[in-house]
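Chemist: please work out how this folds:
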Amino acid sequence: MEEKRGTLSEVIYHNRDNGYTIAVVENDEVDPPEQFTAVGYLPSPDRGRVFIFEGAWKTHPSYGEQFSFQSYREEMPQTVTGIEGFLSSGILKGIGKKTAAAIVQRFGEDALTIIEREPDRLTEVDGIGKVKAASIAEAFEHHREFAAIVLYFQQYGIAAGLAMKLYKVYGKETIKAVEENPYQLVDDIFGIGFRKADRIAEKLGRDPNSPYRLKSGILFTLWTFANEGHSFVPQKQLCETAGELMEVATGEVYDQIVQMAFEGDLHIETLEGRSVVYLIHFYLAEQGVCRKLIELESSLLKPVHAEIDRLIHATEKETGIELSENQKLAVKASLERGVTVITGGPGTGKTTIINTIMAIFRHSGISAAIAAPTGRAAKRITETSGHPASTIHRLLEYYYSEGDDGMRFGKNQEDPLNWDAVIIDEASMIDILLMKGLADALKAGTRLILVGDADQLPSVGPGNVLRDIIASEILSAIKLTEIFRQAKESMIVVNAHRIDRGDYPEVNEKDKDFFLLRRKGEKEMLATIKDLCLRRLPTHFENCDVLRDVQILTPVRKGLLGCIQLNRELQQILNPPSPEKKEKQINDRIFREGDKVMQIRNNYQLEWKRVDDFTDGQGMFNGDSGFIKTIDTEFGELTVVYDDNKYVTYEFTQLDELELAYAITVHKSQGSEFPIVILPVTWFPPMLATRNLLYTAVTRAKETVILVGSEDKMRGMVDNNPIIERYSGLRPRLHAFLPKGGDDLGIFRQK
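Modeler: Below you'll find the model as predicted:
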């Protein structure tokens, strides 16, 4: 390794996110003065800063000889010229060129020492008061701290962008926090998982059998299962999986699990004959949901104003829509029971039932709210039913709690919702934690009506709420199976039900809305998808806005027909580079003004504003989609316009929360509807190429479904209907919560 010293005179390239930099360095303290190009990772390559680089010379085929550095340390400038250059570089907020010149003129070579040790003396410079002097000193301190932290983390392969996140959380205590327990980074820093923390701990020489490591590995394993939808993990499976991850004996894992249960982090119990382990909040969520469902089902209800059959008949006469016997049964149950589940596929009249129930509630003076898990689903309900709907989060008045560093609901057991009935649509999407939040906010005597399609993919989050409630056979659950005449005209509806029954869809019928474009290789499929978006669909459908009306869905993220590559290809043709459009590159991703994007994780602190009505609020959620309005490279900000004209501004360091959304996974599409859906059909991993997934993708389309690929693979998805167990205790727990002598459970009671 060789050391090279010099002052940054020009920055040729700098990636703000990972710190990769190409810069021209000058050293005028040698004879003759030298100039060279330095290449490596540098978080803030401001002109005028002096560094000592450690690395080696390499020859680039296009750019010639460069000094490739693996590490560096900053050296504070010693000369008056160097100090003035450093201060005027912009690295310290509050100091411009004039102020820098004035400070150096007053203090000369002692300027940096004064800023660090006697900042009050800065008031001797004209234009600098006490507040500004303190601000300059604080900025200088932060700069020195951060530089030391970045240098420290270089040896562990942590990029400057991630080091900045650590510094924002821990401040000057960053290095101390990491050295004490590197595994706490997993909980505190988005982007650092157990494996990365484990590598840091290994380099620090930590004991592989330390309680910190065992606890972190167990929690990581439990969260891995939770991310696959499980509320608990069988104890034997947890011990084996965590032991394999950490390469420790299962006995040591078991001992640590017992200790964590004793400390309140986990819950261990025997459920249906096997020992299982819960993260404590999932266990408490299941307990709370079961308790509230049983309470709601057995509570007195506010009565409707007349005999139910007469009310249904009057509503039919008023709307001109005659209900089927099964629909009437669903309406009756919703009026008579404390908890009712109504499930059915497309075209089975779920919206008609909601409208009928709402009309009867209105005539009976029963107040009712309608909500859904996502903003898109809530908007669709409002459009199709005519009744205002909100997200469940908004209904529960969510807010970010700094004290708890997480989301809280304003409506809860202490301050419940003041509605006589609550209707939840798209209930298959509700996970156990959201259900717990809803349950906590419902007071005894509230009717809870869950409407959804149990045959769709289950919730992304842990739990199997809708299916478990139905499977328990304790609460009223009505399944709608009849497809109504108007819906039968759509092959989307007909084929959805065919797929659900295990029959192959009928495709390419004349003047219909369900197509299969048979293509052989994946390259040919990709070319067809691009041609559909660029030429064929805008030509065939009048007023077709491809960016807003067409959604490409895919089962996978990786591969030629995964959403990552599809987004690159579609961005290039639907929103190509232009001198009029600013863009920002994040590693191998490019965000461009006009791009269709999606929020990929819940962020309860993100602030939004609506320009049309001047309201504002906090919180954006996994699956929210919108379009990039502006990119400001000077201030490092990007603005996205979401549904309902919500404007959200992201700092460039937050862009790991966004993804392009020209193509999204089928799982991400749940709760949404799009006029036109395109789905590639090729070989996908069997666990994803399922009937359930094909059914969900098809039911996302309102007007047209276009499958591109192999008919054999499409039929293979229909045939592939695995029974995948989700570890969830809601169903058996509901039985355990039944009161003794519970024969009266669910009997209609009025007050």
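
Chemist: and the closest residue to M491 other than its chain neighbours, what's its pLDDT?
Modeler: Nearest residue to M491 in three dimensions, chain neighbours excluded: F514, at 3.8 Å (C-beta to C-beta, 6 or more residues apart in numbering). For every residue, glycine as well, the C-beta is placed using N, CA and C. You'll see F514 listed with a pLDDT of 96.

Chemist: first-to-last residue distance for stretch 255-269?
Modeler: Taking C-alpha to C-alpha, to the nearest Å, stretch 255-269 runs 15 Å from one end to the other.

Chemist: show the average pLDDT along that stretch.
Modeler: On average, stretch 255-269 scores 96.

Chemist: least confident secondary structure element in this protein?
Modeler: helix 485-488 (a mean of 68; mean pLDDT, DSSP states H and E).

Chemist: I'd say R73 and I52 touch.
Modeler: Yes - the criterion here is C-beta atoms under 8 Å, and R73 meets it with I52 at 5.4 Å.

Chemist: got the phi and psi for V277?
Modeler: When read as degrees, to the nearest 10, the backbone of V277 gives phi -130, psi 130.

Chemist: run through the bridge partners of it.
Modeler: V233, I268 (DSSP bridges).

Chemist: ok, now I449?
Modeler: T340, I423.

Chemist: tell me the contacts of I706?
Modeler: Listed by C-beta atoms under 8 Å, 6 or more residues apart in numbering, the contact set of I706 reads 515-517, 532, 676-679.

Chemist: give me the pLDDT for the nearest residue to G288 once chain neighbours are set aside.
Modeler: Nearest non-adjacent residue to G288, counting by C-beta to C-beta, 6+ apart: K436, 5.0 Å away. pLDDT, K436: 97.

Chemist: surely K436 is in a strand?
Modeler: No - counting by DSSP: H, G, I helix; E, B strand; the rest coil, one finds K436 to be helix, located in no strand.

Chemist: separation between it and Q413?
Modeler: 11 Å (C-beta to C-beta, to the nearest Å).

Chemist: looking at the two, which one has more neighbours?
Modeler: The residue with more neighbours, out of K436 and Q413, is K436; 23 against 12, by other C-beta atoms under 10 Å.

Chemist: got a list of what the more buried one touches?
Modeler: Going by C-beta under 8 Å, 6+ apart, K436 touches 284-285, 288-289.

Chemist: closest one of these to V493?
Modeler: Nearest to V493 among the contacts of K436: V289, at 32.3 Å, using C-beta to C-beta.

Chemist: quickly note the distance from that closest one to N412.
Modeler: Applying C-beta to C-beta to V289 and N412 gives a distance of 14 Å.

Chemist: of the two, who's got more company?
Modeler: V289 (27 against 15).

Chemist: in what helix or strand does that one lie?
Modeler: Assigned by DSSP states H and E, V289 falls within helix 280-297.

Chemist: got it, and L638?
Modeler: Assigned by DSSP H and E, L638 belongs to strand 637-642.

Chemist: could you name the helices and strands sitting against the helix or strand following that strand?
Modeler: Per DSSP H and E, the first helix or strand lying C-terminal to strand 637-642 is strand 646-651. Here strand 646-651 touches strand 603-610, strand 625-632, strand 637-642, going by 3 or more C-beta pairs under 8 Å, 6 or more residues apart in numbering; DSSP states H and E.

Chemist: tell me the most buried of these?
Modeler: Among the helices and strands packed on strand 646-651, strand 637-642 has the highest mean neighbour count (mean count of other C-beta atoms under 10 Å), at a mean of 20.

Chemist: may I see the buried residues of stretch 352-362?
Modeler: For stretch 352-362, a neighbour-count test (16 or more other C-beta atoms under 10 Å) marks 352-361 as buried.
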